[in-house]
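Q: Predicted coordinates and the sequence they were generated for:
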Amino acid sequence: MKKDIHPKYYNDAKIICNCGNVIITGSTIKERHIEVCSKCHPFFTGEHRIVDMTGRVDKFNKKYEKFFSNKDKKK
């Protein structure tokens with residue numbers, strides 16, 4: 001193997017979640033921040049959270065309102 005071409009490997013790298021959970025692992029990056037981990041993810045916790053997607057259904061209905069209203073008039 002060639003010398004000095006591989007990134008530095010950290011045995012004590014930290015993965016820090018928004019919930020406050022810290023996971024120690026090995027990585028080429030010393031510290032990484034994530035939004036969801038196994039401690040707070042709904043699949044692992046069994047909690048059901050509804051995330052508002054800024055009214056995507058309303059946006060869809062508004063966008064296609066003319067199409068649906070014309071289709072109803074033809075019947």
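A: Structure received.

Q: Please count neighbours and contacts with C-alpha atoms only from this point.
A: Will do.

Q: okay, and for the protein, where does confidence drop off?
A: 1, 42-54, 70-75 (pLDDT under 70).

Q: can you pull out the helices in it?
A: 42-45, 56-63, 65-74 (DSSP state H).

Q: which outside residues touch the longest strand along the chain?
A: Using DSSP state E to define each element, the chain has its longest strand at strand 10-17. Residues outside strand 10-17 that contact it (CA atoms under 8 Å, 6 or more residues apart in numbering): 22-37.

Q: Check stretch 28-38 too.
A: With CA under 8 Å, 6+ apart, stretch 28-38 has contacts from 7-10, 12-19, 21, 44-45.

Q: Go through that stretch and flag the buried ones.
A: C37 (16 or more other CA atoms under 10 Å).

Q: Need the max-distance pair from the contacts of strand 10-17.
A: Maximum pairwise distance among the contacts of strand 10-17 (CA to CA): 20.6 Å, between T28 and V36.

Q: Leaving out sequence neighbours, find the closest residue to A13.
A: With sequence-adjacent residues excluded and distances taken as CA to CA, 6 or more residues apart in numbering, A13 is closest to K30, at 4.6 Å.

Q: Contact partners for Y9?
A: 26-29.

Q: Pull out the CA atoms of stretch 15-30 and give them to me as CSV.
A: Provided in CSV are the C-alpha atoms of stretch 15-30 (Å, rounded to 0.1, in the frame of the first residue of the first chain):
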residue,chain,number,x,y,z
ILE,A,15,-22.2,10.6,16.2
ILE,A,16,-24.3,13.2,17.9
CYS,A,17,-28.1,13.2,17.5
ASN,A,18,-30.5,16.1,17.9
CYS,A,19,-32.1,14.2,20.8
GLY,A,20,-28.8,14.3,22.7
ASN,A,21,-27.8,10.7,22.1
VAL,A,22,-24.1,10.2,21.5
ILE,A,23,-22.7,7.1,19.7
ILE,A,24,-19.0,6.3,19.8
THR,A,25,-17.8,4.5,16.7
GLY,A,26,-14.9,4.3,14.3
SER,A,27,-14.9,6.7,11.3
THR,A,28,-12.7,9.0,9.1
ILE,A,29,-14.7,11.9,10.4
LYS,A,30,-14.1,13.0,14.1
